[in-house]
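Asks: Coordinates for the following, if possible.
(one chain, ligands or ions: 1)
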Amino acid sequence: MNLLPVGIIGTGKYVPGRVLTNADLEKMVETNDEWIVSRTGIRERRITTAAQASSDLALRAAEEALGHAGIAAEDLDLIIVASITPDMAFPSTACILQDKLGAKKAAAFDLSAACSGFIYALANASNFIAAGIYKYALVVGAECLSKITDYTDRNTCILFGDGAGAAVLGQVPEGRGFRSFELGADGSGGPLLNLAAGGSRCPSSRESVEQKKHYIYMEGREVFKFAVRIMGSAAEEALRKAGLEKSDIDLLVPHQANIRIIESALNRLDLPAEKCVINIDKYGNVSAASIPMALAEAVEEGRVREGDCIVMVGFGGGLTWGASVLIW
Ligand code: ACO
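Replies: Numbers count the residues shown, from 1 in each chain. Here you go, the predicted model:
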């Protein structure tokens, strides 16, 4: 079967207006700005109101991406939302978004791969288009991590924020588009990073709430070690599959979890910071929304030119990882 060249033809991002600074967190837990900035690179994050859910953020990012792509919601054949904070267990946030957009002919489903979810979703959506099954797909990473963050736990509450990023996928000229995907998982690392309650293993109950099992649990040091190892190796493997070298990279778009993790990836890939999108200082870790938000911001700022070699790479709960090489 001849595969069609598929790429990103529109990007968008949305963040809620409310800013939670390190100074705000100093009033909530035993921490300080110097510790947070030096250990994570984060200065502030955006937080939703009580009334906002992930689909609300997804809608705004999706509308912007559709506008940039120059297509209508009715043209979409597929919507995939990657999120660990869906509006509810079901229906999927993708279905809720499909209704809000009026994307009547689109199939819609959610994808769960934590912070690697956007890359996993791109791989899925692009295959449908490459095979000629669908023409246009919308891929969104949308998160309200503030809703699952324990603001009495200084180990985690300094890290997370809310936001959404979106990409419209369609056919592109020969020689451009996605060149490779490298996806992986190590389920044995699941206990390092999870939200234990609310599923079939531990249904929601008074006890589960009292035991704070509806909040993110994380073994930070272990996740850090995994992340440092996997960011470089996943990016290198995606480059190898694409038949390209580290020196071919024009722009690295990494998951924004910790500035030290990003710096170690830059070292391993022999890249200067100018070739990397870094916005963790403004938004913190936004899980599946982090890579599409960073990409949309780079496009907005004119940092992406036709023919550029873009490498996106992320890791997250699962444990999972994903990387992709894209010729813009
Ligand atoms: N303020 C001040 N001190 C703190 C804070 C804080 N907010 N948090 C922890 N500390 C203390 C600890 O208690 C510890 O004190 P101790 O030595 O007396 O025990 C000390 O600082 C060092 O703690 P570490 O955990 O070793 O700090 P580290 O340098 O590893 O940084 C961090 C912690 C930022 C969490 C880091 O490990 C990290 O970024 N890990 C990866 C996180 C990540 O990427 N998660 C992905 C989640 S995405 C998803 O899928 C939802």
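Asks: CA atoms for contacts and neighbours, from now on please.
Replies: Noted.
Asks: Please report how far the nearest residue to Pro173 once chain neighbours are set aside lies from the ligand.
Replies: Beyond its immediate neighbours in the sequence, the residue positioned closest to Pro173 (CA to CA, 6 or more residues apart in numbering) is Pro5, lying 6.7 Å away. In this structure, Pro5 and the ligand are 31 Å apart, going by CA to the nearest ligand atom, to the nearest Å.
Asks: Local confidence estimate at Pro5?
Replies: Predicted confidence (pLDDT) for Pro5: 97.
Asks: need the residues of the stretch 1-150 of the chain near the ligand, please.
Replies: If contacts are counted using CA under 6 Å from any ligand atom, the residues of the stretch 1-150 of the chain sitting beside the ligand are Thr31, Asn32, Trp35, Arg39, Thr40, Ala114, Cys115.
Asks: can you pick the most crowded of those residues?
Replies: Neighbours were tallied for each of these (criterion: other CA atoms under 10 Å), and the maximum of 33 neighbours falls on Cys115.
Asks: Torsion angles phi and psi at that one?
Replies: phi -70, psi -20 (degrees, to the nearest 10).
Asks: repeat for Gln211
Replies: phi -80, psi 10.
Asks: Repeat that for Asn155.
Replies: Taking degrees, to the nearest 10, you get phi -70, psi -30 for the backbone angles of Asn155.
Asks: In this structure Ile84 contacts Asp110, no?
Replies: No - under the criterion of CA atoms under 8 Å, Ile84 makes no contact with Asp110, lying 9.6 Å away.
Asks: Isn't Gly67 up against Gly10?
Replies: Yes - using CA under 8 Å, Gly67 makes contact with Gly10 at a distance of 7.4 Å.
Asks: Distance from the host helix or strand of Glu182 to the middle of the chain?
Replies: Glu182 belongs to strand 177-185 when elements are defined using DSSP states H and E. When distances are taken as CA atoms, centre = their mean, to the nearest Å, strand 177-185 is centred 15 Å away from the chain's centroid.
Asks: repeat for stretch 70-88
Replies: Relative to where its chain is centred, stretch 70-88 has its mean C-alpha point 14 Å off (CA atoms, centre = their mean).
Asks: Equivalent analysis for stretch 20-31, please.
Replies: With CA atoms, centre = their mean as the basis, the mean position of stretch 20-31 lies at 25 Å from the chain mean.
Asks: what comes up buried for it?
Replies: For stretch 20-31, the neighbour count (16 or more other CA atoms under 10 Å) marks Leu20, Thr21, Asn22, Leu25, Thr31 as buried.
Asks: Touching the strand holding Glu182 from outside, list them.
Replies: Where contact means CA atoms under 8 Å, 6 or more residues apart in numbering, the residues beyond strand 177-185 that reach it are 5-8, 119-120, 123, 234-235, 237-239, 241-242, 318-328.
Asks: In PDB, list the C-alpha atoms belonging to that strand.
Replies: As requested, C-alpha coordinates have been extracted for strand 177-185 and formatted as PDB (Å, rounded to 0.1, in the frame of the first residue of the first chain):
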ATOM      1  CA  GLY A 177       5.300  15.500   7.200                       C
ATOM      2  CA  PHE A 178       6.000  12.800   9.800                       C
ATOM      3  CA  ARG A 179       9.100  10.800   9.100                       C
ATOM      4  CA  SER A 180       9.000   8.500  12.200                       C
ATOM      5  CA  PHE A 181       7.400   7.600  15.500                       C
ATOM      6  CA  GLU A 182       9.100   5.900  18.400                       C
ATOM      7  CA  LEU A 183       6.500   4.800  21.000                       C
ATOM      8  CA  GLY A 184       7.200   2.700  24.100                       C
ATOM      9  CA  ALA A 185       5.900   1.600  27.500                       C
END
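Asks: before we move on, the earlier item: show the buried residues in the contacts of strand 177-185.
Replies: For the contacts of strand 177-185, a neighbour count by 16+ other CA under 10 Å gives the buried set as 5-8, 119-120, 123, 234-235, 237-239, 242, 318-328.
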